[in-house]
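*Asks:* All I have is the shape, not the residue letters:
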């Protein structure tokens, strides 16, 4: 039995229909590759619970993560982390508060959470960034903070929604390699959406192609 | 003097809190929930902008007064009007639509990703609201609440009519000093205190507005899928909120029309009404045109000079917010001795042109860098590009700015009252005089006409 599986995703909008099932092994990185607008991000949103399956298919949806069915759970209880295309950092909080947010939400004392977040930042090459505000960071730094914020809560599954698409080609290549290294060393299970084949080949154990 | 000063601050603060307490939840519902009448509710945001405060005061007397609709309906003899609570409730609810309009627009345009990120990081809805949503909205909330605070701080008509015995605000005290007790020295001290405080508030507003501009820029707007009122039991908060707005704003405004409808014919047959209407029209057109021209010239000057980032040039248009109608009119009478229509137009222009500027600036900012560059390269001289590119591009916002300033001029009773121009009543001043002469139904009829004209012109300009 696989570590993560999803069956019967079915979502239709305008002229596009996504009909999709997937299985992933623990500690692997799967890439969903395809052109813009083919429904890759929708798959991630349905896995995380931010979007619903089509009405008629809601009861048929099955999402299993580490032996637990999660399709009926609210997003915050699924133990799924997500890195958004824009990073979605909280612009009114500094870097360390952004990274500690999830720990505090899960009940950790603020002081402890901040100390842990500060230490965790160094694993992403972000030493000394604690007090920086998100607006002052470069695109690559923002995405590293977003990744740190997601990984610190130790989610069972990490979803990466085109996290590198806003970066220039050189930075994209370097950060893709870093993500692969972090994924190997930390051993997290991830699904990443991209429209760039080279990026997918750099990071992925398995590539799933989408077409329109 | 300090007693009056603190009372003014207290009234302004409490009124702003009432407006925010009802306006912000209402903004949530109009931005995030789906219900019948949502657009109608949003269109009420025009009420605070174009219905004069005098009409709201008339509405409160008509609905909540001792002989008002409520007391007649229940056979009671109750009124909270002539008290601090009366002033706070009337001013607070008058400004609810203003706060709702601004905050709702910001809420609707809020990027969802931050909230979704917080949700996936394990935060509950209350924590998301407190730590993410409200913090993201803080710029818009500040930008809505500070003008409301200033409006209540400078409020004249509502306080003049409803202030309890022995209590008064700076604006009303200044008016009494110059018109009743003729104590010019005290009036000047009060005016100075009032203006210095207002300038401090305006600078705070200017800072917040700039901050909210920088945090919201560059965020891509994705329409939010609104949920129904049934989800999460939202209707339990929505229904009482709508009821409050109905009984403290919509019904009182409606009762102005109900009370005035019987006397409308009599009013329309009087020569005084038509004379006042003509004066209002003249003043409104002149003020609207002057404000629009000044606002356009200032916007174009800033754009052509590539000085949009200048803090000084951004601050100049907010300075008139710190000057009260009473103080500026009084100062003018000290210089010119006697008020006249031209002086009224000049003073209204001095106070209202920033409103025109704000709207025109939005239109000018929509002209892209490329269009601007092409206009400069292809035009004979700068004035040519203004006439052939800027002016046509800004036509809708120019009309809107004109309509808005016309409507505000139409509803202004304070400046004509303080200037006391001989044989020159505007409709708003005529309404005030009718109310003062205990011809209440005729005052309501006249006020209703002012409100309807203001709303029509305002909405036509917006369209």
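*Replies:* Great, that's in hand. Note that the coordinates shown come from a computational prediction; the quantities given were computed from them, not determined experimentally.

*Asks:* Quick check: mean pLDDT of the longest helix seen in chain A?
*Replies:* If you go by DSSP state H, chain A has its longest helix at helix A:169-186. For helix A:169-186, mean pLDDT rounds to 87.

*Asks:* Adjacent strands (with direction) for the very next helix or strand once past that helix?
*Replies:* The C-terminal neighbour of helix A:169-186 among helices and strands, as given by DSSP states H and E, is strand A:190-194. Partners of strand A:190-194 in the sheet, by DSSP bridges, are strand A:29-33 (parallel), strand A:157-161 (parallel).

*Asks:* okay, the ones you listed in JSON lines with mean neighbour count and distance to residue A:130 next?
*Replies:* Placement of C-beta: from N, CA and C, glycine included. Below are the strands paired with strand A:190-194 laid out as JSON lines (neighbours: other C-beta atoms under 10 Å in any protein chain shown; distance: least, C-beta to C-beta, whole Å):
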{"stretch": "strand A:29-33", "mean neighbour count": "24", "distance to residue A:130": "29"}
{"stretch": "strand A:157-161", "mean neighbour count": "24", "distance to residue A:130": "23"}
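
*Asks:* what would the ones you listed look like in CSV with mean pLDDT?
*Replies:* Below are the strands paired with strand A:190-194 laid out as CSV (pLDDT from 0 to 100):
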stretch, mean pLDDT
strand A:29-33, 93
strand A:157-161, 94
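
*Asks:* Nearest to residue B:126, out of these?
*Replies:* Judged by C-beta to C-beta, the one of the strands paired with strand A:190-194 that comes nearest to residue B:126 is strand A:157-161, at 24.8 Å.

*Asks:* Give me the contacts around that closest one.
*Replies:* A:4, A:24, A:41, A:44, A:47-48, A:65, A:79-85, A:147, A:150-151, A:179, A:188-193 (C-beta atoms under 8 Å, 6 or more residues apart in numbering or on different chains).

*Asks:* shaky segments in the stretch 201-350 of chain B?
*Replies:* B:208-224, B:232, B:308-309 (pLDDT under 70).

*Asks:* Go again with 80.
*Replies:* B:204-234, B:304-312, B:314-315, B:337-338 (pLDDT under 80).

*Asks:* my guess is residue B:453 is in a helix, correct?
*Replies:* Yes. Residue B:453 forms part of a helix when assessed by DSSP: H, G, I helix; E, B strand; the rest coil.

*Asks:* Neighbours of it, how many?
*Replies:* Around residue B:453 there are 20 other residues, counting by other C-beta atoms under 10 Å in any protein chain shown.

*Asks:* for residue B:335, same thing?
*Replies:* For residue B:335, using other C-beta under 10 Å, the count is 7.

*Asks:* could you say which helix or strand contains it?
*Replies:* Going by DSSP H and E, residue B:335 is part of helix B:325-336.

*Asks:* May I see the buried residues of that helix?
*Replies:* Within helix B:325-336, the residues that count as buried by 16 or more other C-beta atoms under 10 Å in any protein chain shown are B:325-330, B:332.

*Asks:* One more: stretch B:379-391?
*Replies:* Result for stretch B:379-391 [16+ other C-beta under 10 Å]: buried residues B:385-386, B:389-390.

*Asks:* cool, stretch B:368-382 as well?
*Replies:* Those would be B:372, B:375, for stretch B:368-382 by 16+ other C-beta under 10 Å.

*Asks:* got the contact list for the residue most central in space within chain B?
*Replies:* By C-alpha atoms, centre = their mean, the mean C-alpha position of chain B lies nearest to residue B:49, the distance being 3.8 Å. Neighbouring residues of residue B:49 by C-beta under 8 Å, 6+ apart: B:98, B:404, B:407-408, B:458.

*Asks:* on that earlier part again, from the buried residues of stretch B:379-391, which land in helices?
*Replies:* Reading helices off the buried residues of stretch B:379-391 with DSSP H, I get residue B:385.

*Asks:* from the buried residues of stretch B:379-391, which single one is nearest chain A?
*Replies:* residue B:390 (31.8 Å; C-beta to the nearest C-beta).

*Asks:* element containing the closest residue to that closest one other than its chain neighbours?
*Replies:* Of all residues not flanking residue B:390 in the chain, residue B:300 sits nearest, at 5.7 Å (C-beta to C-beta, 6 or more residues apart in numbering or on different chains). Using DSSP H and E, residue B:300 sits within helix B:271-304.

*Asks:* following that helix, which helix or strand comes up?
*Replies:* helix B:311-315.

*Asks:* Could you check that next one and say which residues are buried?
*Replies:* B:314-315.

*Asks:* Other residues contacting that helix?
*Replies:* B:203, B:206, B:210, B:302, B:307.

*Asks:* And stretch B:233-244, by the same measure?
*Replies:* B:22, B:25-26, B:29, B:33, B:35, B:41, B:93, B:227, B:229.

*Asks:* Select the helix or strand of chain A having the lowest average pLDDT value.
*Replies:* Lowest by mean pLDDT, DSSP states H and E among the helices and strands of chain A is strand A:16-24, with a mean of 83.

*Asks:* quick one: stretch B:436-449 to chain centroid distance?
*Replies:* Per C-alpha atoms, centre = their mean, to the nearest Å, the displacement of stretch B:436-449 from the mean C-alpha position of its chain is 22 Å.

*Asks:* May I ask which helix or strand encompasses residue 98?
*Replies:* Reading this off chain A. helix A:95-105.

*Asks:* I was thinking of chain B, sorry if that wasn't clear
*Replies:* Short version: residue B:98 belongs to helix B:84-108, going by DSSP H and E.

*Asks:* What is that helix packed up against?
*Replies:* Here helix B:84-108 touches helix B:2-32, helix B:38-43, helix B:45-50, helix B:53-64, helix B:134-153, helix B:157-162, helix B:235-245, going by 3 or more C-beta pairs under 8 Å, 6 or more residues apart in numbering or on different chains; DSSP states H and E.

*Asks:* orientation of the last one relative to helix B:84-108 in degrees?
*Replies:* In this case it means helix B:235-245. Between helix B:235-245 and helix B:84-108, the angle comes out at 130 degrees (axes from the mean of the first three to the mean of the last three C-alpha atoms, to 10 degrees).

*Asks:* angle of the following helix or strand past helix B:235-245 against helix B:84-108?
*Replies:* Per DSSP H and E, the first helix or strand lying C-terminal to helix B:235-245 is helix B:251-261. Taking the same axes, to 10 degrees, one finds helix B:251-261 and helix B:84-108 inclined to each other by 110 degrees.

*Asks:* what's the following helix or strand after helix B:251-261?
*Replies:* The helix or strand immediately downstream of helix B:251-261 is helix B:264-269, counting by DSSP H and E.

*Asks:* Output the strands paired with strand A:190-194 in CSV; the columns should cover distance to residue A:110.
*Replies:* CSV is the format used below for the strands paired with strand A:190-194 (distance: least, C-beta to C-beta, whole Å):
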stretch, distance to residue A:110
strand A:29-33, 33
strand A:157-161, 24
